[in-house]
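Asker: quick one: sequence plus predicted model below, questions after.
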Amino acid sequence: MKYKYLLLLGVSIISYSIFSTNVQASSADQMEEIPDNVTTTNNRRADDWFSKPDEVNAMEKASEVEKADREKKEKERFVKLLNDNGFEYTLDKKNAHWIPMPHSGNEYIADVWVRLVQTEKDKEYSYPQKYYLEHYYIRPKTQQIQFLCELEVTGRPENAIQERPYKNSNWENLVPGSIEDEIYHKVLQIMKKNHIGGNSSNGMSVRDAVEEYLRISL
């Protein structure tokens, strides 16, 4: 009986050892498959999960080309006039043109929009960027300027604006060295150089109007 008991005890110990070894091995395999102390990161954008790398690169290149084209058109449309008090003044060539002066049959004035963009980096920044638009009439014959309105714009400007009506008494003489003085002369230089304008109602061409009314020292 004693030997039989020892034999059973030995078999039990061996079986327990084999079982413990298998359990430990299984646990080790599970730990290798799902480690608790390892984290992974993925820097891909959310959209990349649904796009192939080539498609993502193509989209990025198209976006860069579109941005470059937009900036090119912006530079071609707006011509720098001056910098002052942390703002850059630019002339909108697309909307600059000659018009007959109200209540006058033989005199032409320049109708222009000037854009002011803040350039100081320490000022408050907004997106879309905030800027200002100023509307002027310029009268070369008498070297005068007339201010019509100023708009504060964030993003795309609205077409419904409030302007003061044209009045002959609102023409202002130029003060040497003033902002208006610089705007006046720079605008006429650009319009003359680029032949900006359109045909008048009485058949006078832009060139004729420039020669007639720009007989001033620019």
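Answerer: Done, it's in. Numbers count the residues shown, from 1 in each chain.
Asker: where do the strands of the protein begin and end?
Answerer: 78-84, 87-92, 97-100, 108-118, 130-139, 144-154, 172-173 (DSSP state E).
Asker: please point out which parts of the third one sit buried.
Answerer: By 16 or more other Cβ atoms under 10 Å, the buried positions in strand 97-100 come out as Trp98, Pro100. Using the backbone N, CA and C atoms, a C-beta is placed for each residue, glycine as well.
Asker: and it, which strands flank it?
Answerer: Here strand 97-100 is paired, per DSSP bridges, with strand 108-118 (antiparallel).
Asker: same check on the shortest one?
Answerer: Strand 172-173 pairs in its sheet with strand 144-154 (antiparallel), by DSSP bridges.
Asker: Glu88 pairs with what?
Answerer: Asn83, Val117.
Asker: re earlier: reformat the strands of the chain as CSV; add distance to Tyr184 and mean pLDDT.
Answerer: Shown next, in CSV, are the strands of the chain (distance: least, Cβ to Cβ, whole Å; pLDDT from 0 to 100):
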stretch, distance to Tyr184, mean pLDDT
strand 78-84, 10, 96
strand 87-92, 11, 96
strand 97-100, 15, 95
strand 108-118, 9, 96
strand 130-139, 6, 96
strand 144-154, 5, 96
strand 172-173, 10, 98
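Asker: Met191: which of these is closest?
Answerer: strand 108-118 (6.1 Å; Cβ to Cβ).
Asker: so for the closest one, what gets flagged as buried?
Answerer: Tyr108, Ile109, Ala110, Asp111, Val112, Trp113, Val114, Arg115, Leu116, Gln118.
Asker: dump the strands of the chain into a markdown table; add distance to Ile183 as well.
Answerer: Below are the strands of the chain laid out as a markdown table (distance: least, Cβ to Cβ, whole Å):
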| stretch | distance to Ile183 |
| --- | --- |
| strand 78-84 | 6 |
| strand 87-92 | 7 |
| strand 97-100 | 16 |
| strand 108-118 | 6 |
| strand 130-139 | 7 |
| strand 144-154 | 7 |
| strand 172-173 | 12 |
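Asker: tell me the one among the buried residues of strand 108-118 nearest to Asp181.
Answerer: The nearest member of the buried residues of strand 108-118 to Asp181, counting by Cβ to Cβ, is Val114 at 13.5 Å.
Asker: make sure that closest one is actually in contact with Lys93.
Answerer: No - applying Cβ atoms under 8 Å, one finds Val114 not in contact with Lys93, separated by 11.3 Å.
Asker: look up how far Ile109 lies from Gln162.
Answerer: Applying Cβ to Cβ, to the nearest Å, the value for Gln162 to Ile109 is 21 Å.
Asker: need the contact list for Lys186.
Answerer: Leu81, Leu82, Leu91 (Cβ atoms under 8 Å, 6 or more residues apart in numbering).
Asker: quick one: buried ones out of these?
Answerer: Leu81, Leu91.
Asker: let's have the contacts of Lys186 in TSV, adding distance to Tyr166.
Answerer: Below are the contacts of Lys186 laid out as TSV (distance: Cβ to Cβ, whole Å):
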residue	distance to Tyr166
Leu81	23
Leu82	26
Leu91	21
